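>>> Just need the structure, nothing else, for what follows:
(2 chains)
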Amino acid sequence: MSWFARIFFRRNLYRNLAEEMCAHIEEKTEQFVRAGMTREEAEYAARRAFGNARLLEERGREVWQWPRVESLVADVKLALRQLRRSPGFAATAILTLALGIGANAAIFSIVDAVLLRPLPYSHPEQLVVVWQTDAAHRNTGAWFDTYREFDEWQRTSRSFEQLSALSWAAGGKTLLVHGKPVAVLAIPASANFFTMLSLTAQIGRTFEQGDLGNQCALVLSHHFWQEKLGGSQEISGRTLTLDRSACTVVGVMPRGFSFYPTQTDAWMLIGPQSEFVKKPWQTMTGVFGRLKPGVSRAAAQAELNAIEKRILPEDPELGTLGVAEPDVLEMQSEFTWLAGRNLRTALWTLLAAVSLVLLIACVNVANLLLGRSMERAREMAIHAALGSGRRRLARKLLTEALILALLGTGTGIALAEALLHWFVAAHPVELPPGNEVTLHWQVLLFTAALGAGSAVCVGLLPAIRGSRVDLNTVLRRSERGSSASAPAQRVSRMLVGIQVALSLVLLAGAGLLIDSLWRLAGTPVGYRTNHLLTAWVNLPGDRYESVDAKNDFYTRLAERVSALPGVQAVAASSNFFPVSENLLSIQGETTSVGKAPSVLEQSVTANFLRTMQIPLLRGRDFATSDRSKTAPVAIVNEALVKAYFPHSDPIGQSIKLGRAEDASEPWMTIVGVVANVKTSTVFQEMGYVVTPAVYRPLTQTAPASLAVIVATEGEPLRIAGNVQEQLESVDPSLLLAAVETMADKQSAVLSQPRFRALLFGGFATLALVLAAIGIYGLLAQTVIRQKREIGIRMALGASRARVMKAVLLEALGAVLVGLVVGVTGAMATVRVLTSLLYGISAENATVFSVSAGILVVIALLAAWVPAWSAASVDPMTTLRSE
Amino acid sequence: MTNSKQESRDLFPGALEMMILESLRRQPAHGYALVQHIQQRSNNLLQVEEGSLYPALQRLLKEKLVKAEWGISATNRRVRIYQITPAGMKHLEREKSSFEQMFEGIALVLNPGKAIS
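Okay, here's the model as predicted:
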């Protein structure tokens, strides 16, 4: 009989087997009767001689089955039936696991894309970044290199297969599309940039040496080509007008390609006519390289350092770079650092936190299953009595856990998919370029492992306990539904304690992060952040070359914008904050080379400080009378006074930005002192810095790009369109770029800490809910088990209050033990959060006690319902039902 | 599965099958008669649970070493009568010779003196 036919005839086979076994026992019985036994005795003897009929019949049937598969199928069927019979339990368990697994899969996808999967370029392990760094910023990178250094390195170093330049030091450009200006972030890159990454274009090609003969060559990013240029296939070879110069498009990169900065619209070839080549010591660029196989980063760094030392004496502004040296860093980790100073720590911490959530979820489901196996102890005992082996019983329970885990994993993956969808769409936090965050196969593998792990963790304990059935005690016990044994209850209590402990760790972590976020967001920064529109206007150098030309343009723009309804004031500056670094020279003081103090500078219009509400402390503010021909003046901040004029009056002193002997820079008289503003820096995410700063009038020094601020009465973004119209009426080729509000800027600074606090808070909430379910489940079982006892106690005069107290105390016992363990554990682990905190130490007692308090309250709330139901036990009904 | 190990606690695997085949070689029989026959022939030395015959019979049926048909027994009952097949005969011969070899081997080890003679 073929295996196929067997499946259909098996029913017949089984019937035959059952029938002949019956007949056998019958025949034996008759024989015993003939030998003189009573019918009853004979039957008993026949059965004894035959053995365990049920088991033997099962064995007989198994001959016809594929034993493993089929008994598994049977177990699965049985488990599904059991679960369907208690949908509430099944839904709770599956949802609990799904939340844990889904959250893990989602976080792991991010960790995988950012930290685990190598960058999607060929041989990414050879790729490096070269920054300038000093002792204070070791291994983080601090500044771009000068183009001169890059050029010399590229020509003479032997450590690299390719060394290329890519710079985002310069601002955006304006592209004319059908006569309309479009903002474009065109990033200058050296000819070999794409070949260094071993990348080819999707349309056309990447840069070639031949392009250096062109005035300007462009490679477009996929998104820019699609969104701004309509995705036309005939793009390559076309000429685009970028800041009034004609650029040839040589190709378009594929969709998946991204590099720093991720918003790049186009890459612009650094040709012989570019500023980089003309002023190599004044232009800054990032340097990216591919090491030759076998060359270490340290060796490459030593070589670059030697080359740099050799050419440094050529530097016309010798010493600007101070003590900086080249630092060769691994590209992927540097990308991660650029995306967020604490991104690496944060991601690992979040993964740890979310795995705690899964652990809590597993403990919870294990506890639910344990409770269920206690309820079903009688059923199990009957199975055992009918000949099911212990292994088989354990397998039944494990199968149930496995099915729950399987369904939980499935639901969890769907959940993770939804979470990632949200993550990509909402873009709550910046991630480095390279890999996309998706449910990659590695993530699915990880999720499957989590599912399997949780099945074991969830099912093992109940399976061991559930299969250890003591037939006598269970079957003899008369009461129904009260077979929960005391030791099982003890395990259950222990599990609740574990849940509480884990929840406390998460709660304390979330508390610390949320508190830090509040402190960070609540720190007064020293300037106005509300009702301020901010935007950039890029002034092409060919038409706006002189300081006066720029100021004329600005005056005309300011006149028109100020006249708009709802506008309170308009001001402009070289940037929104003092950011560009320069040397400070003080008249009458000499400084040695390389030790010149460094300050930040910002050139501002006369009303800028007023509009930003930066208070003037001494002296006077800039005035419209400060013009290009009048005496050079400056305003300094408190920090500068404290650092350089601690004992003298700064007003009236002369300072210079640059070296004292540099004749091209004027001596400026300090006319005023303003309060400090707190700014964020690239080196530190959780915190602000206050740096000595010099403000100069925009009329005396003007940048190529203007940072424009507009103070409004209402919502700032509502007037953005009007401001653009006014700009076009002044110069139709200009564009208002990067339009946002000051509040947005402020909020962007908080995006990483906010993201972390949000996720941690979410995990902690989840943990609390699960802990509450756990406590509720434990007590509900206790109350059911002790119903009779409670009834007796109440009949003997115990008050409701006392009964409730007893139940609540039991909950509190488990919770308190959990709290003690949790506080100890949290104390030991929250220290990893230190770099993610602001203004609060990891061992903050308030956060710990509040977390513990929240847990106690939640525990009592969860315990209230079972306690109430215990107190509502009617002694008469309970005792009568016995 | 662990079934064969468990049920032949006092027999080695395949022993019961061999005895069934040997009995059937002499004459076709139903389950009850087979048990009686085996117990008598072994002078009741083998303590076999009567029921354990049935899984063994199922295995033999599956391997097509025996075939079964419903019939009427000597005591006028509806019983399932088993018959050995030619494949069963061959199998029995093979098993018997290998069993004898094994038995001889064991005997030699247990009684080393005899081995020399």
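>>> in stretch A:626-639, what's buried?
For stretch A:626-639, a neighbour-count test (16 or more other C-beta atoms under 10 Å in any protein chain shown) marks A:626, A:632-639 as buried. In this view, the C-beta of every residue, glycine as well, is placed from N, C-alpha and C.
>>> from these, which is closest to A:Ala508?
Minimum distance to A:Ala508 across these is 35.7 Å, recorded for A:Ala639 (C-beta to C-beta).
>>> From the buried residues of stretch A:626-639, which shows the smallest pLDDT?
In terms of pLDDT, the lowest of the buried residues of stretch A:626-639 is A:Asp626, showing 91.
>>> what residues does the stretch 51-200 of chain A put near chain B?
A:51-53, A:56-57, A:59-64, A:67-68 (C-beta under 8 Å from any C-beta of the partner chain).
>>> go with 10 Å
The stretch 51-200 of chain A comes close to chain B at residues A:51-65, A:67-68, A:71, as judged by C-beta under 10 Å from any C-beta of the partner chain.
>>> List only those of those residues flagged as buried.
Burial by neighbour count, judged by 16+ other C-beta under 10 Å, picks out A:51-53, A:55-65, A:71 from these.
>>> Quick check: phi and psi at the residue lying closest to A:Ser580 once chain neighbours are set aside.
Closest residue in space to A:Ser580, ignoring its immediate chain neighbours: A:Glu601 at 5.6 Å, by C-beta to C-beta, 6 or more residues apart in numbering or on different chains. When quoted as degrees, to the nearest 10, the phi and psi of A:Glu601 stand at phi -130, psi 160.
>>> again with A:Thr699
Dihedral pair for A:Thr699: phi -70, psi -20, per degrees, to the nearest 10.
>>> where do the strands sit along the stretch 451-600 of chain A?
In the stretch 451-600 of chain A, the strands defined using DSSP state E, counting those that start in this stretch lie at A:532-538, A:567-573, A:580-586, A:598-604.
>>> Of these, which is nearest A:Thr200?
Evaluated with C-beta to C-beta, these place strand A:532-538 nearest to A:Thr200, the distance being 31.4 Å.
>>> Give the rounded mean pLDDT of that closest one.
Rounded mean pLDDT across strand A:532-538 is 92.
>>> Parallel or antiparallel, list what pairs with that strand.
The strands beside strand A:532-538 in its sheet (DSSP bridges) come out as strand A:705-712 (antiparallel), strand A:736-741 (antiparallel).
>>> how about the very next helix or strand once past the first one: buried residues?
So the one you mean is strand A:705-712. As assigned by DSSP states H and E, the chain's next helix or strand after strand A:705-712 is helix A:720-730. Of all the residues in helix A:720-730, those buried under the rule 16+ other C-beta under 10 Å are A:720, A:722-724, A:726-727, A:730.
>>> Just the closest of these to chain B, please.
A:Ala720 (75.9 Å; C-beta to the nearest C-beta).
>>> Quick check: chain neighbours aside, which residue is closest to the closest one?
A:Val739 (4.9 Å).
>>> What of A:Gln786?
A:Ala870 (7.5 Å).
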